[in-house]
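A.B. asks: Turn this into a structure:
(4 chains)
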Protein chains: 2
Amino acid sequence: MGVTRTRETGFAADVVRTARWGRALAHPARVTILTLLAERRTCVCGEIVDDLPLAQSTVSQHLRVLREEGLIRGEVDGTRSCYCIDAERVRAMMADLNRLGASLERKAACGC
Amino acid sequence: MGVTRTRETGFAADVVRTARWGRALAHPARVTILTLLAERRTCVCGEIVDDLPLAQSTVSQHLRVLREEGLIRGEVDGTRSCYCIDAERVRAMMADLNRLGASLERKAACGC
DNA sequence: ATCGTTTATCGGCAATATACGATAATTAGT
DNA sequence: ACTAATTATCGTATATTGCCGATAAACGAT
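C.D. replies: Numbering: from 1, shown residues only, chains lettered A, B, ... in the order given. Predicted structure coming up:
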């Protein structure tokens, strides 16, 4: 009764992993942050805030999501936090997404 | 006051598009559905329900999300709905995601 | 027309995500 | 020690998502 199924039970592990990448990218702010970090190689938090139409605290939360998925790393540098992309993880993400994409495209012909 | 910013304002159009792909993939059920459709080329709704640990109505909602993003197409066939992957859109999605991935990896060296 | 089958949608509830301001924490500089 | 600057976290309000059962809608078969 009232089971409140948790989101990630009953699904294959690789599928869950892929879905997590999806979630990480599922907000424009996070995609923008990644792009910013790529363009500038590295950014302090304040610079990111300046480039987003969001409050500092909100940006910080998005940074956390990205950090939790490992896509970015943060380093405290004095009073500021310096963020950069974790290339390794980005590659891992793209590998997973491409694996999905490839398997979808391989047999894409529609029988309908 | 109480601004409740809408989620997709103030962001670049391509970023919003990428984030939408992310959202589409952001749930294990949807990734599973896509994979199922790829494996079998085509499925009626009931078969999909049978392979997911979710109620029929819930699966139907996930199908709708995928349909709204154009990743799958549904065709009514008598009393049943036959779904299949829209290869075109999947390619478009992967192109967008890879475009992001490439731009992230290109300048990945971390300055931290 | 009625019944059985299948799928979509509705209504409602719980959980999560998103947003903000306020505050705490950390550090540099004085 | 105090102040200013920067960032993370907290508290909270709202929106969205996800889930289910129930119901509606569409169709085939009798």
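A.B. asks: partners of the worst-scoring helix or strand of chain A on mean pLDDT, with directions?
C.D. replies: In chain A, no helix or strand scores lower on mean pLDDT, DSSP states H and E than strand A:43-44, which sits at a mean of 88. Here strand A:43-44 has these sheet partners by DSSP bridges: strand A:80-85 (antiparallel).
A.B. asks: longest single helix anywhere in chain A?
C.D. replies: helix A:87-106 (DSSP state H).
A.B. asks: what does that helix rub up against?
C.D. replies: For helix A:87-106, contacts defined as Cβ atoms under 8 Å, 6 or more residues apart in numbering or on different chains pick out A:14, A:17-18, A:21, A:24, A:34, A:69-71, B:25, B:31, B:34-35, B:38, B:85, B:87, B:90-91, B:93-94, B:97-98, B:101, B:104-105, B:108-110. Every C-beta, even on glycine, is put in place using the N, C-alpha and C of the backbone.
A.B. asks: Show me which of these are buried.
C.D. replies: Buried members of the contacts of helix A:87-106, counted by 16 or more other Cβ atoms under 10 Å in any protein chain shown: A:17-18, A:21, A:24, A:34, A:69, A:71, B:25, B:31, B:34-35, B:38, B:85, B:87, B:90, B:93-94, B:97, B:101, B:104, B:108, B:110.
A.B. asks: which stretches of chain A aren't confidently modelled?
C.D. replies: In the prediction, chain A carries residues with pLDDT under 70 at positions A:1-8, A:107-112.
A.B. asks: residues from it in reach of DNA strand C?
C.D. replies: Neighbours of DNA strand C within chain A, by Cβ under 7 Å from any atom of the strand: A:2, A:4, A:6-7, A:23, A:26-27, A:29, A:53-58, A:61-62, A:65, A:76, A:78-79.
A.B. asks: At which residues are the helices of chain A located?
C.D. replies: Applying DSSP H to chain A gives helices spanning A:13-24, A:28-40, A:45-50, A:56-68, A:87-106.
A.B. asks: tell me the most buried of those helices?
C.D. replies: For these, the largest average neighbour count (mean count of other Cβ atoms under 10 Å in any protein chain shown) is found in helix A:28-40, namely a mean of 22.
A.B. asks: helices or strands up against that helix?
C.D. replies: With contacts defined as 3 or more Cβ pairs under 8 Å, 6 or more residues apart in numbering or on different chains; DSSP states H and E, helix A:28-40 has these neighbours: helix A:45-50, helix A:56-68, strand A:72-77, strand A:80-85, helix B:13-24, helix B:87-106.
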